[in-house]
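Engineer: Quick one, fold the following:
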Amino acid sequence: MLKGNFFRGLGYLGEGFRLIRQPGLRLFVLLPIAINIVLFAVLFYFMAEGFSTLIATAMGWLPDWNWLQSLDWLFWILYGAVILLMLAYGFVIVANLIGSPFYGYLAELTEKHLTGQEVTTEDGWATIVKDIPRALWREVQKILYYLPRAIGLFIIGLVPVVNLVAAVLWFLFNSWMMALQYVDYPADNHRVSFPALRRTLGGSRLSALGFGLPVALAAMVPLLNLVVVPAAVCGATAFWVRENDSNHQ
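Structural biologist: Sure thing, here's the model as predicted:
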């Protein structure tokens, strides 16, 4: 039986957008956004160049059946959705790989704000530099978890008829991955291992999917995806604080 509260999970991203406007957090929000703008410009250029090629290649893998060819518009939509999801999470992976030391510290500041502790950034840069190796290793662990599952889903999406549900499976998987991706920052600050985090989120899977779904959708929207990452970090920290409290009640 799935545990958690899907609708409560939906509210955490909105709370994250409110939190990024807090004075003590703004600096460590603006710097990752600046990094994301440069990264998005580069990825958008390559996406515009390669999107049609990716779609044509995916369509070329379909069997040469008349009834399938008559549904090419439907497969264009489905494959387009899957590829956009892959590109969206690809953007998130690269953005988080670059900005992970900032996001870990942003999660720490956010947790202090939410729990009523004093928010100070005096040791901010020293903390960020010190945590770079650990932050990068956590991102590598998430990539290693994501890739084999993403490849498996992509292969499933190439099977005629079965691929009709591929987009739904991708949305569910990406929602789960977005929750894992961002709740990992406050979890890592508490030295919770990545396998332990997966078990923890599995115990409130509906809340996790509720949080991850709007993040996955926002990551697909140009311009909005530039600010959704720091908002998701703050929202995930609120998730960590509130869901841990509810699990222990």
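Engineer: Just want the most central residue of this structure.
Structural biologist: Geometric centre of the chain, nearest residue: residue 178, 3.0 Å, by Cα atoms, centre = their mean.
Engineer: Quick one: neighbours of the nearest residue to residue 187 once chain neighbours are set aside, just the number.
Structural biologist: If the residues on either side of it in the chain are set aside, residue 187 comes closest to residue 197, at 4.6 Å by Cβ to Cβ, 6 or more residues apart in numbering. For the C-beta atoms, the positions are set from N, CA and C on the backbone; glycine is no exception. A total of 22 residues lie near residue 197 under the criterion other Cβ atoms under 10 Å.
Engineer: where's residue 197 relative to residue 17, distance?
Structural biologist: Distance, residue 197 to residue 17, using Cβ to Cβ, to the nearest Å: 23 Å.
Engineer: Ok, residue 189 next?
Structural biologist: Applying Cβ to Cβ, the value for residue 189 to residue 17 is 21 Å.
Engineer: What of residue 166?
Structural biologist: 30 Å.
Engineer: between these two, which one's more packed in?
Structural biologist: residue 166 (21 against 16).
Engineer: Does the more buried one touch residue 150 like I think?
Structural biologist: No: judged on Cβ atoms under 8 Å, residue 166 makes no contact with residue 150 at a distance of 11.7 Å.
Engineer: Helices of this structure, residue ranges please.
Structural biologist: 6-19, 27-60, 66-69, 72-114, 124-130, 132-156, 166-189, 194-202, 205-219, 224-247 (DSSP state H).
Engineer: pLDDT of the last one, averaged?
Structural biologist: Along helix 224-247, the predicted local confidence has a mean pLDDT of 86.
Engineer: who does that helix touch, helix- and strand-wise?
Structural biologist: In this structure, helix 224-247 packs against helix 6-19, helix 27-60, helix 72-114, helix 166-189, helix 205-219, with contacts taken as 3 or more Cβ pairs under 8 Å, 6 or more residues apart in numbering; DSSP states H and E.
Engineer: could you point out where the protein is predicted with low confidence?
Structural biologist: Within the chain, the stretches with pLDDT under 70 are 1, 43-44, 47-92, 118-128, 160-161, 163, 245-249.
Engineer: mind redoing it with 50?
Structural biologist: 248-249 (pLDDT under 50).
Engineer: pretty sure the residue nearest to the centre of the chain contacts residue 220?
Structural biologist: No: between residue 178 and residue 220 there is no contact under Cβ under 8 Å: 11.2 Å.
Engineer: Now do residue 238 against residue 108, distance only.
Structural biologist: From residue 238 to residue 108 the distance is 13 Å (Cβ to Cβ).
Engineer: swap that for residue 234, please
Structural biologist: Taken as Cβ to Cβ, the span from residue 234 to residue 108 is 11 Å.
Engineer: same deal with residue 220?
Structural biologist: 28 Å.
Engineer: Just want to know which of the two has more residues nearby.
Structural biologist: Neighbours per residue (other Cβ under 10 Å) separate residue 220 from residue 108, with residue 108 holding more: 22 against 17.
Engineer: one step back: possible to save the helices and strands packed on helix 224-247 as CSV with distance to residue 155?
Structural biologist: Shown next, in CSV, are these (distance: least, Cβ to Cβ, whole Å):
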stretch, distance to residue 155
helix 6-19, 29
helix 27-60, 12
helix 72-114, 12
helix 166-189, 10
helix 205-219, 21
